[in-house]
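In: output the structure for:
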Amino acid sequence: MRVFVSYSFIDKELYLLTLLVSKLKEKGNFVQLSDSNYLSENYIYNTVFFVGLITNHSHSINDVFNEWQIAEKYNKQRILLIEEGVNVYRKDIKFIRFNRNNPEIAITQLLQDNERKTEKKSNLAEEIITAGAIIAGIAALISLLGGENSKKK
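Out: Numbering: from 1, shown residues only. Take a look at the predicted model:
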């Protein structure tokens, strides 16, 4: 799966970003990082999942929210990891709180939530395929029985 990660913090906080990216890659994801340029919209368009990171000492929170809106525009699965202490005034944004000293818990939750959503989509696809096969089988049986009835007449 292609994942776009938008972040808004200073260089000394890169541990969180490095940890998140390595965990996403361990799960087999291709990760594209935000680079605050005109290509971000194209990167977001071509991804499946958007993750935004916001910290207390951020200089570019607005960039993350702008990229969030792009992901929303393209109807991408999206979530924010927001550090404890950052005020969130919007009720329409799904986010997971993280603690700067122990971000692993939030990252684990993010990965588990994403796996559950992927499993649900996979199960739904399997159910649709199974239902289609059943319908095709019934249609073939009806056609076969209809052919037999017309032969008897």
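In: for the chain, name the helix or strand with the lowest mean pLDDT.
Out: helix 104-152 (a mean of 64; mean pLDDT, DSSP states H and E).
In: any idea how many residues pack against A106?
Out: Per other Cβ atoms under 10 Å, the neighbour tally for A106 reads 21. For the C-beta atoms, the positions are set from N, CA and C on the backbone; glycine is no exception.
In: for Y89, that is, sorry about that
Out: Y89 has 5 neighbouring residues, counting by other Cβ under 10 Å.
In: cool, and the one 10 residues further on?
Out: Residues within reach of N99, counting by other Cβ under 10 Å, total 12.
In: not counting sequence-adjacent ones, nearest residue to it?
Out: E84 (5.5 Å; Cβ to Cβ, 6 or more residues apart in numbering).
In: who's in contact with N99?
Out: Taking Cβ atoms under 8 Å, 6 or more residues apart in numbering, we find N99 in contact with 83-84, 105-106.
In: for N46, what are phi and psi?
Out: Dihedral angles of N46 (phi, psi; degrees, to the nearest 10) stand at phi -90, psi 10.
In: bridged to the nearest residue to it once chain neighbours are set aside, which residues?
Out: Excluding the flanking residues, the one nearest N46 by Cβ to Cβ, 6+ apart is R2, at 6.3 Å. Bridge pairing for R2 (DSSP bridges) gives the partners F30.
In: ditto for I96
Out: L81.
In: per-residue confidence at it?
Out: pLDDT, I96: 90.
In: surely it touches T108?
Out: No - assessed by Cβ atoms under 8 Å, I96 is found out of contact with T108, at 10.0 Å.
In: for these two, indicate the residue with more neighbours.
Out: Using other Cβ under 10 Å as the criterion, I96 and T108 rank with I96 on top: 15 against 11.
In: just checking, H57 is part of a strand?
Out: No - applying DSSP: H, G, I helix; E, B strand; the rest coil, one finds H57 to be coil, outside a strand.
In: ok, it to R116 distance?
Out: Using Cβ to Cβ, to the nearest Å, H57 is found at 32 Å from R116.
In: check R100 too.
Out: According to Cβ to Cβ, R100 and R116 sit 26 Å apart.
In: which one's more surrounded, the two?
Out: When R100 and R116 are compared for neighbours, R100 comes out ahead with 15 against 10, by other Cβ under 10 Å.
In: list the residues that contact the more buried one.
Out: 13, 16, 55-56, 83-84.
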